[in-house]
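J.: what would the 3D arrangement of this be:
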Amino acid sequence: MFSVRLPSLLLLLAALACTGERRDDAATASVATPAPAATRDDFGDTIPAGRTFSRIVSLNPTTTEALFAMGAGARLVGRSHWDQWPAEAQRLPDLGPGIRPNLEVVLAAHPDLVLLYASADNQLVAQRLRAAGIATYATKVDAIDAFRDLMHALGRLVGDSVRARAVVDSVDRTLDAVRRHASAAPRPRVLIPAWESPLLVIGGGSHMSELVEIAGGENVYGDRPEPSPQVAFEDVVRRDPDVILVSPAGRARLLASPQWASVRAVREGRVFAYDTMVVGRPSVTLGSAAANLASLLARAGH
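T.: Numbering: from 1, shown residues only. Take a look at the predicted model:
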């Protein structure tokens, strides 16, 4: 039986949200500040050190959420159709898709910086924007460390590294709190299906695998380095997970499938739906995501 208790976990998270970050100003003053470096994105493009931006189009939900969390939402002049959180983001002009966006629509917003999702489909987009004199920063965040790197990069791009660091510190405090609460409990073996046909699962290269570990579980496909490897259903049966975590819609389909009834976790009723709004992407909600998964794993132990 799991020793994590959701009420005590939520109380601790609330307390953490109310505490500030302590600073030792004397110690900080004694540390030499390194020379600023250019900001390099996942396409290998760079933005010179010291350059900051005030009219930003964000076509990546992770960067949109991060900028609002930093208090830089007022600099945004456009978003993609998929940037729905926080609620303030929905008041921004919807410029369409984040993958292969309409360049004329993006340029009409008169941005000085465009934040892109670093997929192969967006490489030509970045090239064309740069040719038009618009700076771009493309990123694909699959791991928690990559989220931290993104926050520090955004801090440089908006000229507010202090607030960027504060967001990272807040997320890390919550992750640490969840990890401590889950550390004494047995570690169930967890499967997270990501796609039905072909069958894709969350592998060790995904932030969701990291969140499972923090929340007190063990990803049965944590040995696979890919974020979402394709696997055979027979291998899922062989690995015999104790718990299956899936989206609400995915849960309904899985429970209705005669094939999945051959998996022990399904037969024993340990299939739980996670909150897709906070768990599905590595953003400023990482702490809440870990808490959500910890509460589900705690339920599995009762």
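J.: doesn't L116 belong to a strand?
T.: Yes - under DSSP: H, G, I helix; E, B strand; the rest coil, L116 falls within a strand.
J.: now do the contacts for it.
T.: 59-60, 98, 122, 125-126, 136-139 (C-beta atoms under 8 Å, 6 or more residues apart in numbering). All C-beta atoms are positioned from the backbone trio N, CA, C, and that covers glycine.
J.: and stretch 116-134, which residues are buried?
T.: By 16 or more other C-beta atoms under 10 Å, the buried positions in stretch 116-134 come out as 116-118, 122-123, 125-126, 129, 134.
J.: how about these in JSON lines, adding pLDDT and distance to G250?
T.: Formatted as JSON lines, the buried residues of stretch 116-134 follow (pLDDT from 0 to 100; distance: C-beta to C-beta, whole Å):
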{"residue": "L116", "pLDDT": "97", "distance to G250": "28"}
{"residue": "Y117", "pLDDT": "96", "distance to G250": "23"}
{"residue": "A118", "pLDDT": "95", "distance to G250": "26"}
{"residue": "N122", "pLDDT": "96", "distance to G250": "27"}
{"residue": "Q123", "pLDDT": "96", "distance to G250": "31"}
{"residue": "V125", "pLDDT": "96", "distance to G250": "31"}
{"residue": "A126", "pLDDT": "97", "distance to G250": "33"}
{"residue": "L129", "pLDDT": "97", "distance to G250": "36"}
{"residue": "I134", "pLDDT": "97", "distance to G250": "38"}
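J.: which of those lies closest to A153?
T.: Checking the buried residues of stretch 116-134 against A153 with C-beta to C-beta, the nearest one is A118 at 12.2 Å.
J.: out of the buried residues of stretch 116-134, who's nearest N102?
T.: Nearest member of the buried residues of stretch 116-134 to N102, counting by C-beta to C-beta, is V125, at 9.8 Å.
J.: so that closest one makes contact with P101?
T.: Yes - counting by C-beta atoms under 8 Å, P101 is a contact partner of V125 at 6.4 Å.
J.: which strands or helices does the longest helix belonging to the chain pack on?
T.: In the chain, taking DSSP state H as the definition, the longest helix is helix 161-182. In terms of contacts (3 or more C-beta pairs under 8 Å, 6 or more residues apart in numbering; DSSP states H and E), helix 161-182 is packed against helix 6-18, helix 144-158, helix 207-214, helix 286-300.
J.: now the buried residues of stretch 116-134 as JSON lines including distance to W260?
T.: Shown next, in JSON lines, are the buried residues of stretch 116-134 (distance: C-beta to C-beta, whole Å):
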{"residue": "L116", "distance to W260": "37"}
{"residue": "Y117", "distance to W260": "31"}
{"residue": "A118", "distance to W260": "34"}
{"residue": "N122", "distance to W260": "35"}
{"residue": "Q123", "distance to W260": "38"}
{"residue": "V125", "distance to W260": "39"}
{"residue": "A126", "distance to W260": "41"}
{"residue": "L129", "distance to W260": "44"}
{"residue": "I134", "distance to W260": "47"}
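J.: just the helices from the protein, written as ranges.
T.: Under DSSP H, the chain gives helices at 6-18, 25-30, 61-69, 103-107, 123-131, 144-158, 161-182, 207-214, 233-239, 248-255, 264-267, 276-279, 286-300.
J.: tell me which of those lies nearest to V77.
T.: helix 103-107 (10.0 Å).
J.: buried set for the closest one?
T.: In helix 103-107, counting by 16+ other C-beta under 10 Å, buried: 106-107.
J.: so for that helix, mean pLDDT?
T.: Across helix 103-107, the average pLDDT comes to 96.
J.: over to stretch 194-204?
T.: 94.
J.: dump it to CSV, restricted to CA.
T.: C-alpha atoms of stretch 194-204 as CSV (Å, rounded to 0.1, in the frame of the first residue of the first chain):
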residue,chain,number,x,y,z
ALA,A,194,0.6,7.3,-26.2
TRP,A,195,-1.1,6.1,-29.5
GLU,A,196,-3.3,3.2,-30.5
SER,A,197,-2.4,2.3,-34.0
PRO,A,198,0.5,1.7,-34.3
LEU,A,199,0.9,1.2,-30.6
LEU,A,200,3.2,3.9,-29.2
VAL,A,201,4.1,4.1,-25.5
ILE,A,202,6.0,6.6,-23.4
GLY,A,203,9.7,5.7,-23.3
GLY,A,204,12.6,6.9,-21.2
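J.: can you give me the buried ones in stretch 140-150?
T.: Under 16+ other C-beta under 10 Å, the buried positions of stretch 140-150 are 140-144, 146-148, 150.
J.: partner residues bridging T136?
T.: V114 (DSSP bridges).
J.: distance of it from A164?
T.: The gap separating T136 from A164 is 19 Å, by C-beta to C-beta, to the nearest Å.
J.: these two: which has the busier surroundings?
T.: Set side by side, T136 and A164 show more neighbours around A164, with 25 against 22, by other C-beta atoms under 10 Å.
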